[in-house]
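In: With the input below, show me the fold.
(chains A, B, C and D)
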2 protein chains.
Amino acid sequence: MVAGPLPAPSGPGKDRLRLWIRLLRASRTIEAELRERLKKEFNTTLPRFDVMAALYRAPEGMLMSDLSRFLLVSNGNVTGIVDRLVSEGLVARARRNGDRRTSMVRLTEEGSRTFATIAAVHEGWIGELLGKVSEDDARRLTGMLTSFRSNWEGRE
Amino acid sequence: MVAGPLPAPSGPGKDRLRLWIRLLRASRTIEAELRERLKKEFNTTLPRFDVMAALYRAPEGMLMSDLSRFLLVSNGNVTGIVDRLVSEGLVARARRNGDRRTSMVRLTEEGSRTFATIAAVHEGWIGELLGKVSEDDARRLTGMLTSFRSNWEGRE
DNA sequence: ATATGAAACTTTAAGCTTGAAATAATTTGC
DNA sequence: GCAAATTATTTCAAGCTTAAAGTTTCATAT
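Out: As a prediction, this is how the structure comes out:
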């Protein structure tokens, strides 16, 4: 998957394959760096940051299945991450009156403060790590990736 | 990290943040689809495919540490994946005369045949999944991601 | 030769991840 | 009303992942 430089394949369809390989290497490289910094600076993990980011945008809370869909990870996965965030006091589950199968998951006040702090630093990291990409190219790239994404909406 | 559509942040540096989010969502979406297909069609996993892809390009074999560096994953991780590939008969470790700490890891004949089969189908999948990206845009995007990458070489 | 340190690899513990099975609550069709 | 199907979540087993600690081997300098 993360195949690389050497044989430089050619032929029809190879351009997309090469694009995919670059895309994957780029995101893995950045992800690895972020993971390491989150660990060192804030003693947390990327998945926990992801969950907090989602919840921060939803003050009213989210269902577990909302989180799972939004973050593109499985249900069981979210259960574990939220469990850990709860035990750290950063997130709370609130039982609902209407539907006793579900619970609203929210950031606690501490979770909200903590996330705000990390997010500010995080944005600086991204600026640094993507520094070589001009704001112009960034917008153009984002546009391409968005149109790619629309290919995918409403699949599953 | 995989934050999304709703509040559409603005301000200096936000373009790069948005790019990163799109990049991550795109690669996770594709990765998830590939993982699922590899499992269903070939009963294998992405990490194993990655290792086999690396070894396929290196008929003379690779050291564990080469694999680790090339695939951007930790040493210990490679040990586990290679162990499983060995137990499946797809990969072999060959002790070396010169240095008894190391062993050359290669595809077996069966591993080579198996990988060739999967890789052909895999390339088709990528063509399908990235179908909406024109070959032209693919080349352009690849170029941008490459120049980004040069920002990173020789860091660690 | 032999200590010292570096290199290559494995092991370990903790956490992330998935898909599938299990539980529980709600909704639907009769 | 009640059985059946659906929905929301958790649990589980297997595998992936990392960082850190441990083992073995090699290289170097005395």
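In: contacts and neighbour counts: CA atoms only from here.
Out: Fine.
In: For the residue lying closest to A:Glu110 once chain neighbours are set aside, give me phi and psi.
Out: For A:Glu110, the nearest residue in space outside its immediate sequence neighbours is A:Leu90; the separation is 5.8 Å by CA to CA, 6 or more residues apart in numbering or on different chains. As for A:Leu90, its main-chain torsions (degrees, to the nearest 10) stand at phi -90, psi -20.
In: didn't A:Leu90 look like it was pressed against A:Gly111?
Out: Yes: applying CA atoms under 8 Å as the test, A:Leu90 and A:Gly111 come out as touching, 3.9 Å apart.
In: which stretch of helix or strand covers A:Val105?
Out: For A:Val105, the enclosing helix or strand under DSSP states H and E is strand A:103-107.
In: how about the residues of chain A that lie near DNA strand D?
Out: Those residues of chain A that sit near DNA strand D, judged by CA under 7 Å from any atom of the strand, are A:32, A:35-36, A:63-66, A:75-80, A:101-104.
In: circling back to that earlier point, show me what the strand holding A:Val105 is packed up against.
Out: With contacts defined as 3 or more CA pairs under 8 Å, 6 or more residues apart in numbering or on different chains; DSSP states H and E, the secondary structure elements packing on strand A:103-107 are helix A:46-56, helix A:64-71, strand A:91-95.
In: Could you single out the most deeply buried of the ones you listed?
Out: By mean neighbour count, with neighbours taken as mean count of other CA atoms under 10 Å in any protein chain shown, helix A:46-56 ranks first of the helices and strands packed on strand A:103-107 at a mean of 21.
In: same for that one, what does it pack against?
Out: helix A:14-42, helix A:64-71, helix A:75-87, strand A:103-107, helix A:109-129.
In: near DNA strand C at all, that helix?
Out: Yes: Helix A:46-56 lies within reach of DNA strand C by CA under 7 Å from any atom of the strand, at A:46-48.
In: That helix vs helix A:14-42, what angle?
Out: Angle of helix A:46-56 versus helix A:14-42, following axes from the mean of the first three to the mean of the last three CA atoms, to 10 degrees, is 90 degrees.
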